[in-house]
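Engineer: sequence first, predicted model second:
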Amino acid sequence: MSKVKPYKDSDLGKKEQVTQMFDTISGDYDGLNRVISFGIDIKWRKKVVKIVKEKQPESILDIATGTGDLAINLAETNASKIVGLDISSGMLEIGKEKINRKGLNSKIEMVLGDSENMPFNDNTFDAITVSFGIRNFETLENGLKEILRVLKPGGSFVILETSMPDKAPYKQGYNFYTKNILPLIGRTFSKDKTAYKYLCESASVFPYGEALNNILRKTGFINVEDFPQTFGVATIYVSSK
């Protein structure tokens, strides 16, 4: 499990540090993500939407929704209600502006809350998603237990998260890019000079592939599968309750 903290010299816990970090970078987040991923993250999110849409959910929860990219994309599923949950009020404000511009206020609700202590009843949602946020949980197992709690029996849980390529030369190229190029981009264009260094470091120590599959199974999820994307730099995990 990741022990990396955004600010190593801070007395705050990881949850408070992550909140502070994302509040600070919220205005830069969308643009930097497009640059850093070369826009491929858009393609990955479309695949998540396709997977969720096949299940025809009526209600969807997007955890760690950030500025709402995936929540907005999930409107294509024709779900009657989509809730975006995030711990960062700064990220949510950007998301609300985007939702308003797209005329999706009646379908998407943005909620300030903690993914490890969610303000929802048991068995509430037909589908739950989280993209590039699960590694920011303070305690992964607690977050997954909460997700299982609010997911309906038979409901789908889909994760999109960074992972590590296993084969050369993609592994070497990925390591060089994440350790040298990505933090440089973050320092150059972001208000928070340490944020993208943290995001790289947290990705490098977070369990992926079969390791994360086993954590999901241990938590109680079933039908667990993983689908590596773009030579393994990201992975989509699909499971159910």
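Structural biologist: That came in fine, so what should we check first?
Engineer: could you say what helices and strands the longest helix anywhere in the chain packs with?
Structural biologist: In the chain, with assignment by DSSP state H, the single longest helix is helix 14-36. In terms of contact count using 3 or more C-beta pairs under 8 Å, 6 or more residues apart in numbering; DSSP states H and E, helix 14-36 is assigned the packing partners helix 40-53, helix 89-101, helix 182-189, helix 195-205. From N, CA and C alone the C-beta is placed, and that goes for glycine too.
Engineer: what sits against residue 118?
Structural biologist: 85, 146, 149-150 (C-beta atoms under 8 Å, 6 or more residues apart in numbering).
Engineer: other residues contacting the longest strand seen in the chain?
Structural biologist: The longest strand of the chain (DSSP state E) is strand 151-162. By C-beta under 8 Å, 6+ apart, the list of residues contacting strand 151-162 from outside reads 44-45, 48, 51-52, 55, 57, 70, 123-132, 134-135, 147-148, 203, 206, 208, 212, 216, 221, 233-241.
Engineer: how far does that strand sit from the chain's center?
Structural biologist: Mean-position distance between strand 151-162 and its chain equals 12 Å (C-alpha atoms, centre = their mean, to the nearest Å).
Engineer: note down every partner strand of that strand and its orientation.
Structural biologist: Taking DSSP bridges as the criterion, strand 151-162 sits next to strand 125-131 (parallel), strand 234-240 (antiparallel) in its sheet.
Engineer: show me what contacts residue 217?
Structural biologist: residue 224.
Engineer: quickly find the element holding it.
Structural biologist: When elements are defined using DSSP states H and E, residue 217 is found to belong to helix 210-219.
Engineer: alpha carbons only: can I get that helix in CSV?
Structural biologist: This file holds the C-alpha atoms of helix 210-219, laid out as CSV (Å, rounded to 0.1, in the frame of the first residue of the first chain):
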residue,chain,number,x,y,z
GLU,A,210,-3.2,-9.0,-10.0
ALA,A,211,-2.1,-7.4,-6.7
LEU,A,212,-5.0,-5.0,-6.9
ASN,A,213,-7.3,-7.7,-8.1
ASN,A,214,-6.5,-9.7,-5.0
ILE,A,215,-7.2,-6.8,-2.7
LEU,A,216,-10.6,-6.3,-4.4
ARG,A,217,-11.4,-10.0,-4.0
LYS,A,218,-10.3,-9.9,-0.3
THR,A,219,-12.6,-6.9,0.3
